[in-house]
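Visitor: sequence isn't available, so here's the structure alone:
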């Protein structure tokens with residue numbers, strides 16, 4: 001029962017789980033129907049579950065000092081983001097976070113030349129290039145902020 005709940009919680013398909021365990025989907029089906037799991041596979045599954053739990057705890061600890069905010073989206077925009085996140089094997093929240101950070105980094109690098117970037121501005125880890133690509137949807141797609149660059153000295 002723990003495995004079923006964990007698979008559902010992690011949004012892992014039985015086929016993907018079978019591949020991770022190096023067994024057939026039929027074997028996983030049997031395990032979930034109460035057939036005994038071999039000790040080596042049980043150990044592998046336990047490691048997978050513990051790793052997920054450790055990562056969850058690390059994220060929670062890291063986010064303890066973070067500042068949450070809300071973004072209101074149309075259903076259409078949310079579906080677009082949801083599909084992009086799914087394709088990148090991320091949650092909507094993870095995808096949005098990565099996209100925002102990548103975009104902010106690009107804007108900061110464009111605003112300051114590399115040599116004048118303040119030391120107290122830390123840059124997050126690199127995110128794949130496709131994140132943060134601007135969406136063009138018409139005349140109202142211009143950013144709601146000034147794109148004026150800081151004069152160079």
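Guide: Sure, I can see it. Computed from a prediction, not measured in an experiment: that's the story for all the values here.

Visitor: quick one: buried residues of the biggest helix by length in the chain?
Guide: Using DSSP state H to define each element, the chain has its longest helix at helix 39-62. For helix 39-62, a neighbour-count test (16 or more other Cβ atoms under 10 Å) marks 44-45, 48-49 as buried. No exception for glycine: its C-beta is placed from N, CA and C like everyone else's.

Visitor: where does the prediction get shaky in the protein?
Guide: 112-153 (pLDDT under 70).

Visitor: and the gap between residue 98 and residue 105?
Guide: Distance from residue 98 to residue 105, counting by Cβ to Cβ, to the nearest Å: 11 Å.

Visitor: same question but for residue 54, I mixed them up
Guide: 27 Å.

Visitor: all strands for this structure, in order.
Guide: Under the criterion DSSP state E, the chain contains no strands.

Visitor: which stretches of it form helices?
Guide: Under DSSP H, the chain gives helices at 2-10, 14-20, 25-32, 39-62, 75-87, 92-111.

Visitor: which one, of these, ends up nearest to residue 68?
Guide: Distance to residue 68, taken as Cβ to Cβ, is lowest for helix 92-111 among those, at 9.9 Å.

Visitor: now the angle between helix 39-62 and that closest one, please.
Guide: Using axes from the mean of the first three to the mean of the last three Cα atoms, to 10 degrees, the inter-axis angle of helix 92-111 relative to helix 39-62 is 50 degrees.

Visitor: next, name the residue at the spatial heart of the chain.
Guide: residue 94 (2.9 Å; Cα atoms, centre = their mean).

Visitor: that one contacts residue 85, correct?
Guide: Yes: checked against Cβ atoms under 8 Å, the pair residue 94 and residue 85 is within contact range at 7.0 Å.

Visitor: coming back round to it: make JSON lines from the helices of the chain and add distance to residue 68 to it.
Guide: What follows is the helices of the chain, written out as JSON lines (distance: least, Cβ to Cβ, whole Å):
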{"stretch": "helix 2-10", "distance to residue 68": "21"}
{"stretch": "helix 14-20", "distance to residue 68": "30"}
{"stretch": "helix 25-32", "distance to residue 68": "36"}
{"stretch": "helix 39-62", "distance to residue 68": "13"}
{"stretch": "helix 75-87", "distance to residue 68": "17"}
{"stretch": "helix 92-111", "distance to residue 68": "10"}
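
Visitor: many thanks, we can stop here.
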